[in-house]
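Engineer: Generate coordinates for the sequence data below:
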Amino acid sequence: MAETLTPDICVIGAGSGGLTVAAAAASFGVEVVLIEKGRMGGDCLNYGCVPSKAILAAGKHAHAIRESADFGVFAEEPKIDFRRVNQHIKSVIAAIEPNDSVERFTALGVKVIQGAGRFTDRRTVEAGDYTIKARRFVIATGSSPFVPPIPGLAEVDYFTNETLFENTRKPGHLIVIGGGPIGMEMAQAHLRLGSKVTVIEGLKALGKDDPELAGVVLEKLRGEGLDILEQAMVTSVARRGKAGVSVHYRIGEEEGRVDGTDLLVATGRAVNVEGLGLEEAGIRYDRKGIKVKPDLRTTNRRVYAIGDVAGGLQFTHVAGYHAGLVIRGILFRLSAKPDNSIIPWATYTDPELANVGLTEEQARESHKDIRVLRWPYHENDRAIAEGKTAGQIKMITDRKGSILGVGIAGAGAGEMINMWALAMSQKLKVKDVAGYIPPYPTMAEIGKRAAITYFAPM
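Structural biologist: Residues are numbered from 1 along each chain as shown. Here you go, the predicted model:
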């Protein structure tokens with residue numbers, strides 16, 4: 001007989017969002033059950049944010065050696081031990097893993113069930129040897145790599161982000177299908193670690209970002225030797241020899257082919273809704289995710305959905321943001337409506353690309369009168385000293401000086417966007433930013449210089 005549990009909250013999925021809900025609820029003395037069928041920490045810890053930044057860091061070190069002569073420091077071409085690179089990735093995961101472990105959450109008072117959870121009716125979930133009847137449920141099952149139905153793909157070996165970080169052998173020629181953030185980050189990392197890399201993108205590389213800022217990044221990547229094919233539709237994939245792969249594509253009316261040793265498929269994400277019994281729970285969903293109301297409730301009022309599985313922006317920090325809002329709603333009956341306009345995002349190529357709020361194109365569609373303020377990295381003293389002069393900040397305001405959006409392409413953009421996310425969340429205006437005093441010399445001065453241009457004669 002299955003044991004019946006009656007917690008206040010049952011969370012399905014132990015990724016960033018689910019862990020945040022469970023830890024926060026437990027800290028208030030609330031009884032929580034946490035269900036996870038895979039690895040604790042979810043995609044971010046095991047297959048995404050953490051390992052990808054670890055391999056990017058390795059690539060940056062190799063690239064720094066190659067660039068050192070520009071600073072009067074001479075070294076030989078770096079020797080890459082790809083097995084050691086992989087050990088670095090694994091050591092980073094291992095260092096963070098205890099924070100997301102079963103042991104830690106059990107110690108917090110959370111009942112952790114390692115197995116698949118499935119709704120059997122509108123208020124019941126079964127998982128392993130347990131039946132859970134909770135006051136509220138939170139679905140935080142995240143997403144997985146989307147693998148498109150490309151002819152021949154099933155007959156060749158290929159990586160996704162879930163398998164790439166198990167690789168201990170340096171690819172000779174890595175072909176990346178997909179020019180979004182994951183594809184471009186991994187392309188540059190492997191390029192800097194000594195692989196030849198070709199990216200094949202069906203539309204525009206980094207196409208969801210401001211094209212002016214994305215252009216800064218793409219120019220730098222091409223300058224490093226990355227081959228980027230845009231508007232190239234992959235038509236088929238085939239095995240080449242004993243271990244190679246051929247990717248056939250079409251640009252307009254012209255056919256082309258790239259031969260490589262390894263293949264990475266980075267064509268987006270698919271939400272994890274299969275096997276959850278959503279129909280039995282009366283929860284509506286489609287291929288984009290679970291349908292949620294403004295307060296993140298599903299069509300079953302007992303059930304919330306957060307993070308990737310709820311559709312919308314698919315970032316780890318969004319899942320954490322959703323988790324905090326849901327805790328407010330469940331425990332304190334406070335408003336739990338996410339505001340996407342204040343959520344920043346970043347792509348960790350070198351140079352980095354970061355944004356918050358509206359792009360120029362979006363602002364022109366929604367506002368009659370806008371100002372576009374810019375300031376380049378090459379006019380910043382710290383950037384000149386560091387040899388990091390590629391890039392700019394781009395600020396969009398309305399005619400009253402309210403900040404509608406900020407984009408940064410350049411060194412440290414992912415860190416610098418924090419200030420602008422805070423400014424937008426607190427509804428600061430350009431005059432507020434122009435009045436603050438940054439230390440000299442820092443790259444953060446770039447933002448203040450852009451803000452000051454608002455007051456220049458037009």
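
Engineer: residue boundaries of the strands in the stretch 1-150 of the chain?
Structural biologist: For the stretch 1-150 of the chain, the strands defined by DSSP state E, counting those that start in this stretch occupy 3-5, 9-12, 32-36, 111-114, 117-121, 124-127, 130-132, 136-139, 143-145.

Engineer: other SSEs contacting the fifth one?
Structural biologist: Going back to what we said before, that points to strand 117-121. Counting contacts by 3 or more Cβ pairs under 8 Å, 6 or more residues apart in numbering; DSSP states H and E, strand 117-121 packs against strand 124-127. The C-beta positions use only the backbone N, C-alpha and C, and glycine is treated the same way.

Engineer: mind redoing it with 10 Å?
Structural biologist: Helices and strands touching strand 117-121, by 3 or more Cβ pairs under 10 Å, 6 or more residues apart in numbering; DSSP states H and E, are strand 9-12, strand 32-36, strand 124-127, strand 130-132, strand 136-139.

Engineer: The first one now?
Structural biologist: In terms of contacts (3+ Cβ pairs under 10 Å, 6+ apart), strand 3-5 is packed against strand 124-127, strand 130-132.

Engineer: Need these in CSV (columns: mean neighbour count and mean pLDDT).
Structural biologist: Shown next, in CSV, are these (neighbours: other Cβ atoms under 10 Å; pLDDT from 0 to 100):
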stretch, mean neighbour count, mean pLDDT
strand 124-127, 21, 98
strand 130-132, 20, 98
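
Engineer: Can you pull the poorly scored residue ranges out of the stretch 51-200 of the chain?
Structural biologist: Counting by pLDDT under 70, the stretch 51-200 of the chain shows no low-confidence range.

Engineer: Kindly reformat the helices and strands packed on strand 117-121 as CSV containing distance to residue 47.
Structural biologist: As requested, the helices and strands packed on strand 117-121 are arranged in CSV below (distance: least, Cβ to Cβ, whole Å):
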stretch, distance to residue 47
strand 9-12, 19
strand 32-36, 14
strand 124-127, 22
strand 130-132, 27
strand 136-139, 20
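
Engineer: and residue 171, which of these is closest to it?
Structural biologist: Closest to residue 171 of those is strand 32-36 (Cβ to Cβ; 31.7 Å).

Engineer: Report the inter-axis angle for that closest one versus strand 117-121.
Structural biologist: Orientation check (axes from the mean of the first three to the mean of the last three Cα atoms, to 10 degrees): strand 32-36 against strand 117-121 gives 120 degrees.

Engineer: what's the spacing between strand 32-36 and its chain's center?
Structural biologist: From the chain centre to the centre of strand 32-36 is a distance of 24 Å (Cα atoms, centre = their mean, to the nearest Å).

Engineer: Just the C-alpha atoms of it, please, in PDB.
Structural biologist: Extracted as PDB, the C-alpha positions of strand 32-36 are listed here (Å, rounded to 0.1, in the frame of the first residue of the first chain):
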ATOM      1  CA  VAL A  32       7.000  20.400   2.000                       C
ATOM      2  CA  VAL A  33       7.400  17.400  -0.300                       C
ATOM      3  CA  LEU A  34       9.900  17.700  -3.100                       C
ATOM      4  CA  ILE A  35       9.800  15.300  -6.100                       C
ATOM      5  CA  GLU A  36      12.600  14.800  -8.600                       C
END
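
Engineer: Determine the set of other helices and strands touching it.
Structural biologist: So strand 32-36, by 3+ Cβ pairs under 10 Å, 6+ apart, packs with strand 9-12, helix 16-27, helix 102-107, strand 111-114, strand 117-121, strand 124-127, strand 130-132, strand 136-139.

Engineer: hang on, the earlier thing: mind putting the strands of the stretch 1-150 of the chain into TSV with distance to residue 374?
Structural biologist: Converted to TSV, the strands of the stretch 1-150 of the chain look like this (distance: least, Cβ to Cβ, whole Å):
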stretch	distance to residue 374
strand 3-5	57
strand 9-12	44
strand 32-36	46
strand 111-114	50
strand 117-121	49
strand 124-127	52
strand 130-132	54
strand 136-139	42
strand 143-145	35
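
Engineer: quick one: which of these is nearest residue 275?
Structural biologist: Among those, strand 117-121 comes nearest to residue 275, with 6.2 Å by Cβ to Cβ.

Engineer: Can you tell me the strand partners of that closest one and which way each runs?
Structural biologist: Strand pairing for strand 117-121, determined by DSSP bridges: strand 124-127 (antiparallel).

Engineer: which residues are contacting the partner strand?
Structural biologist: Strand 124-127 is contacted by residues 2, 4-5, 10, 12, 33-37, 113-120, 131-134, 137, 139, 276-277, 280-281, 303 when judged by Cβ atoms under 10 Å, 6 or more residues apart in numbering.

Engineer: Weed out the non-buried ones from those.
Structural biologist: Applying 16 or more other Cβ atoms under 10 Å to the contacts of strand 124-127, the neighbour count classes 5, 10, 12, 33-37, 113, 117-119, 131-132, 134, 137, 139, 276, 281, 303 as buried.

Engineer: list the contacts for the residue nearest the centre of the chain?
Structural biologist: For the chain, residue 315 is the residue whose C-alpha lies nearest the centre (Cα atoms, centre = their mean; 4.5 Å). By Cβ under 10 Å, 6+ apart, the contact set of residue 315 is 16, 44, 49, 181, 307-308, 321, 343-346.

Engineer: Now residue 416: phi and psi?
Structural biologist: phi -70, psi -30 (degrees, to the nearest 10).

Engineer: just checking, it touches residue 422?
Structural biologist: No - look at residue 416 against residue 422 with Cβ atoms under 10 Å: they stay out of range, at 11.5 Å.

Engineer: Which one's more surrounded, these two?
Structural biologist: A direct count of neighbours by other Cβ atoms under 10 Å for residue 416 and residue 422 places residue 416 higher, at 21 against 13.

Engineer: Leaving aside the residues adjacent along the chain, what's closest to the more buried one?
Structural biologist: residue 408 (5.6 Å; Cβ to Cβ, 6 or more residues apart in numbering).

Engineer: What's the separation between residue 108 and residue 166?
Structural biologist: Distance of residue 108 to residue 166, given as Cβ to Cβ, to the nearest Å: 30 Å.
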